[in-house]
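[1] Just the structure for this:
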Amino acid sequence: MGRVSDTRHEDRACSAALARAFGFLGKRWNGMILATLLEGPAGFAELRRAVGKVHDSVLSERLNELGSAGLVERVVAEGPPLAVSYRLTERGQALLPALRELTTWAEANLPE
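    Below is the predicted model of the structure:
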């Protein structure tokens, strides 16, 4: 009979930080909103057009979530007319290298 190996395998687990990142950035629309804002500040209507078929209430909810996470800030320019735009914070801008790499990978590896 063959000898039974006593080799123990460690349980594998995804990094908790990576799981949080994908849970947050993978939430529908969040990544696309951030990617749009990488090009510079944008108003609500411009974001809605850039992102696609997102309802106003959902876009508003996502912008609030991104703001609460410290990635996006709402900027109000006193008017008249009053103008509201959204821009990435320094924390949001820190995502730029990762989003660029992810975009490059997706272009090369994911079919349309």
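[2] Of all residues in this structure, which one is nearest the centre?
    For the chain, Gly31 is the residue whose C-alpha lies nearest the centre (Cα atoms, centre = their mean; 3.0 Å).
[3] If you drop the residues flanking it in sequence, what lies closest to that one?
    In space, and not counting its chain neighbours, Gly31 is closest to Leu25: 5.0 Å by Cβ to Cβ, 6 or more residues apart in numbering. For every residue, glycine as well, the C-beta is placed using N, CA and C.
[4] thinking again about what came up before, ok, the residue nearest to the centre of the chain to Leu38 distance?
    Per Cβ to Cβ, to the nearest Å, Gly31 is found 11 Å from Leu38.
[5] for the chain, what spans make up the strands?
    Under the criterion DSSP state E, the chain contains strands at 72-77, 83-88.
[6] so can I have a markdown table of those showing mean pLDDT and mean neighbour count?
    What follows is these, written out as a markdown table (pLDDT from 0 to 100; neighbours: other Cβ atoms under 10 Å):
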| stretch | mean pLDDT | mean neighbour count |
| --- | --- | --- |
| strand 72-77 | 95 | 14 |
| strand 83-88 | 96 | 16 |
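[7] Out of those strands, the one nearest Leu96 is which?
    When those are compared by Cβ to Cβ, strand 83-88 sits nearest Leu96, at 8.4 Å.
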